[in-house]
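In: Okay, predicted coordinates and the sequence, questions at the end:
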Amino acid sequence: MNRKGPTAHKHRILLSVIMIMISAAAVHSFSNGILKSRIHGRRSVRWIQSYSSTSADDVVVKSDASTCTTTGGGGDTVHKTVSDKEYKLDDIVNLCKRKGFVFQSSEIYSPMAGFYDYGPMGVELKANIKKLWWRDMVQRREDIVGLDSSIIASPAIWQASGHVAGFSDPMVDCKKTRLRFRADQVFWGRLVREADDEVVCYVSVMESDTMLEEATKSAVKKAKSLDKKGPFRVIQLKDLTEAASEEYHLIPSPASGEPGDLTPPRDFNLMFQTSVGAVAGDSSVAYLRPETAQGIFTNFMNVQRTARMKIPFGIAQIGKAFRNEITPRNYIFRSREFEQMEIEYFISPDDDEWPKRLEEWIDRSWSWLVSIGLREDYMFKSVHGQGKLAHYARACTDITFKFPFGTQELMGIAARGNYDLTQHGNASGKAMEYFDAATSIKYVPHVIEPSIGVDRLFLALLTSAYREEEVDGEKRTVLGFHPSIAPIKAAVFPLVNNKAELSELAKQLFRSLQMRFMVEFDTSGAIGRRYRRADESGIPFCITVDFDSLTDDSVTVRERDSMVQTRMKIIDVLPYLSKQIDGF
């Protein structure tokens, strides 16, 4: 139903002005309220110059470590207690299924492990991750350009890179249960009596942050059953690849608990093999790419010449990769189909160049992860020792993250040397050399590689954002996403759904905001219930159109984390959201 009369005309003019502002906001100066960041060592201080149509006295927030009292412009006081419990992976998995972030692939049949489908909320979150990474790593830099290489390429690429011969994991089987494990994820140790160095028993556990505790508990239980008394030495855990052949039959399987049930480790190639063409045979064998990097290396000369890039410069790529993991586990953390965001940053071969560039990319990667909402207290750095480096690497640092199942690698920043370009140059007969006009010298560039999995970052963001609170005695589940990364930026609510004028004004505002942001329109249930649904989906702002909106052209904007409600003019909503989400 259309509104009649001068009030309707006024609202149509008002919404038209908002539509015009959408275009104007896109070219607004970054200097006005831009997102700023200061990095102090490993501590990040971030702020946004926020917009408000009310005075400072209208909104007051007081908080300590676990509780906060919030007073909104309306004067109502809300008491909030944040739970300090350690959340389990199941909490996040259940939320993802319930809210449409992630589904098990082929769920209506017998699903295969290691494959997942991303639902309506999940595709938006993934899109935002990739958009912000591309914006900050490519769009806003002059020394990095993009590439999108094919998933299936000549098998000669994988021969030259060493993937066909060496891209494998050590695998073991439990003969009794027929379960399969990566040998380097099964850890074993001896329980040794301190008095006489007697080896009382052997134990094995799967890799985790608590594996020493689990191994000790299991060993003590076994010692008790054997009537062996301590004290015992601290168990030294090693993975199965470090076990001596004469001890192997003494190590119990983590599945059956019985010694001798594990097969000896053997190599298992992780590449998915397929056939290209109408006739299958040795000549038609191809592979789904196990990483995106090789497509960048083989296109190095094409990109450098056409984009007229000078060293140092980088080539960035976002794309799918596939690995036939022996034991996909921990939800989307280790899957068989995944997405990578990688940069190959080409530098001169000078010995003093790569350490400096490596450190720059470690710092840059760390600060970017914090800026999009990762909890910095969950982040750590792990430097690879010489014995853990890939054969071609000069150095590598992982940024690790505390997931619900333990601290694991999130991102790797490696100095890869010139191995890849040299290998492809030798195998193809095409020189992969850069001519430095300043020195008149040709050389094969070295590479710094920052690489991160989109799916792992997706899970890390969920882990950082997920929390449970008690608000005035009621439970509130919140995904506290940074506004820039949130799947849905705002939700628009008419206060009631049975008043046509109210619904129409709310719908007009919703459609206007749709031109700039992903927004949601919700009319089902009481306002409090709609707030809770939005909180659980990670929506940072809820906008309520009420009866006063029809006369004062204002709406109530409620911020998710503080729950502060601010009254502002409809015409001010877009600039407010723009500053909070985009920083300008």
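Out: That came through fine. Residues are numbered from 1 along each chain as shown.
In: Can you pull the domain assignment for the chain?
Out: Here the domain parsing of the chain from automatic domain parsing is 5-101+467-582, 122-166+286-462, 169-268.
In: Out of those, the one nearest Ala113 is which?
Out: The stretch from these with the least distance to Ala113 (Cβ to Cβ) is domain 122-166+286-462; that distance is 5.0 Å. (Glycine included, C-beta is placed from N, CA and C.)
In: mean confidence score for the closest one?
Out: Averaged across domain 122-166+286-462, the pLDDT comes to 95.
In: distance between the ends of it?
Out: Domain 122-166+286-462 has an end-to-end distance of 11 Å (criterion: Cα to Cα, to the nearest Å).
In: just how off-centre is it within its chain?
Out: The chain centre lies 15 Å from the centre of domain 122-166+286-462; the measure is Cα atoms, centre = their mean, to the nearest Å.
In: hang on, the earlier thing: adding mean neighbour count and distance to Ile108 as columns, could you present the domains of the chain in TSV?
Out: What follows is the domains of the chain, written out as TSV (neighbours: other Cβ atoms under 10 Å; distance: least, Cβ to Cβ, whole Å):
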stretch	mean neighbour count	distance to Ile108
domain 5-101+467-582	16	14
domain 122-166+286-462	18	18
domain 169-268	16	26
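In: do you know how far the residue nearest to Asp548 when sequence neighbours are not counted is from Leu509?
Out: If the residues on either side of it in the chain are set aside, Asp548 comes closest to Ser554, at 6.7 Å by Cβ to Cβ, 6 or more residues apart in numbering. From Ser554 over to Leu509 the distance is 11 Å, taken as Cβ to Cβ, to the nearest Å.
In: shared neighbours, those two?
Out: Any residue near both Ser554 and Leu509 by Cβ atoms under 8 Å, 6 or more residues apart in numbering counts here, and that gives Ile570.
In: what about stretch 162-172, how long is it end to end?
Out: Note: stretch 162-172 ends 23 Å apart using Cα to Cα.
In: And for stretch 266-280?
Out: 28 Å.
In: Stretch 99-108 now?
Out: Stretch 99-108 has an end-to-end distance of 18 Å (Cα to Cα).
In: what's that stretch in contact with?
Out: With Cβ under 8 Å, 6+ apart as the test, stretch 99-108 has contacts from 93, 95-97, 111-112, 115-122, 125, 331-332, 462, 536-537.
In: Just the buried positions in it, please.
Out: For stretch 99-108, burial by neighbour count (16 or more other Cβ atoms under 10 Å) applies to Lys99, Gly100, Phe101, Val102, Ser105.
In: about what we covered before: mind checking which of the contacts of stretch 99-108 land in strands?
Out: Tyr116, Asp117, Tyr118 (DSSP state E).
In: SS state for Leu574?
Out: Assigned by DSSP: H, G, I helix; E, B strand; the rest coil, the conformation of Leu574 is helix.
In: How much space separates it from Leu513?
Out: Distance from Leu574 to Leu513, by Cβ to Cβ: 7 Å.
In: Now for the buried residues of stretch 99-108: which two are most distant?
Out: Distances among these were taken as Cβ to Cβ; the most separated pair is Lys99 and Ser105, at 17.8 Å.
In: who's in contact with the residue positioned nearest the centre of the chain?
Out: Nearest to the mean C-alpha position of the chain, counting by Cα atoms, centre = their mean, stands Leu457 at 0.8 Å. The neighbourhood of Leu457, defined by Cβ under 8 Å, 6+ apart, consists of Ile129, Met341, Leu369, Leu410, Met411.
In: Name the nearest residue to the fourth one, ignoring sequence neighbours.
Out: The spatial neighbour of Leu410 that comes closest, neighbours along the chain excluded (Cβ to Cβ, 6+ apart), is Phe401 at 4.2 Å.
In: Ramachandran coordinates for the one you found?
Out: Here is the backbone geometry of Phe401 (degrees, to the nearest 10): phi -140, psi 140.
In: And Asp169, which helix or strand is it part of?
Out: strand 168-173 (DSSP states H and E).
In: Each with direction, which strands does that strand pair with?
Out: Strand 168-173 has the following strand partners under DSSP bridges: strand 180-182 (antiparallel), strand 266-269 (antiparallel).
In: Using JSON lines, please lay out those together with distance to His391 and mean pLDDT.
Out: Conversion of the strands paired with strand 168-173 to JSON lines gives the following (distance: least, Cβ to Cβ, whole Å; pLDDT from 0 to 100):
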{"stretch": "strand 180-182", "distance to His391": "20", "mean pLDDT": "87"}
{"stretch": "strand 266-269", "distance to His391": "15", "mean pLDDT": "83"}
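In: Next, count neighbours for Tyr109.
Out: Number of residues near Tyr109 (other Cβ atoms under 10 Å) recorded here: 7.
In: Need the phi and psi values for it.
Out: Main-chain torsions, Tyr109, degrees, to the nearest 10: phi -110, psi -160.
In: And it, how far from Gly230?
Out: Taking Cβ to Cβ, one finds Tyr109 at 52 Å from Gly230.
In: what does Gly295 give?
Out: For Gly295, the distance to Gly230 equals 57 Å [Cβ to Cβ].
In: again with Thr556
Out: In terms of Cβ to Cβ, Thr556 sits 66 Å off from Gly230.
In: likewise Val444?
Out: 59 Å.
In: Asp522 now?
Out: Asp522 is 62 Å from Gly230, by Cβ to Cβ.
In: Would you map the helices across the stretch 351-500 of the chain?
Out: In the stretch 351-500 of the chain, the helices defined using DSSP state H, counting those that start in this stretch lie at 354-371, 419-428, 454-465, 500-514.
In: circling back: which pLDDT value goes with the residue nearest to Asp548?
Out: On pLDDT, Ser554 comes in at 96.
In: ok, Arg323 - contacts?
Out: By Cβ under 8 Å, 6+ apart, the neighbours of Arg323 are Leu270, Met271, Phe272, Pro290, Arg336, Phe338.
In: 7 Å instead, please
Out: Contact analysis of Arg323 by Cβ atoms under 7 Å, 6 or more residues apart in numbering lists Leu270, Pro290, Arg336.
In: thinking again about what came up before, Glu247: which of the contacts of Leu457 is nearest?
Out: Comparing those against Glu247 with Cβ to Cβ places Leu410 closest, at 34.1 Å.
In: ok, that closest one touching Phe403?
Out: No. In this structure Leu410 lies outside contact range of Phe403 using Cβ atoms under 7 Å: 8.5 Å.
In: Run a quick check on Val200 versus Lys228, I expect a contact.
Out: Yes. Val200 lies in contact with Lys228 (Cβ under 7 Å); the separation is 4.7 Å.
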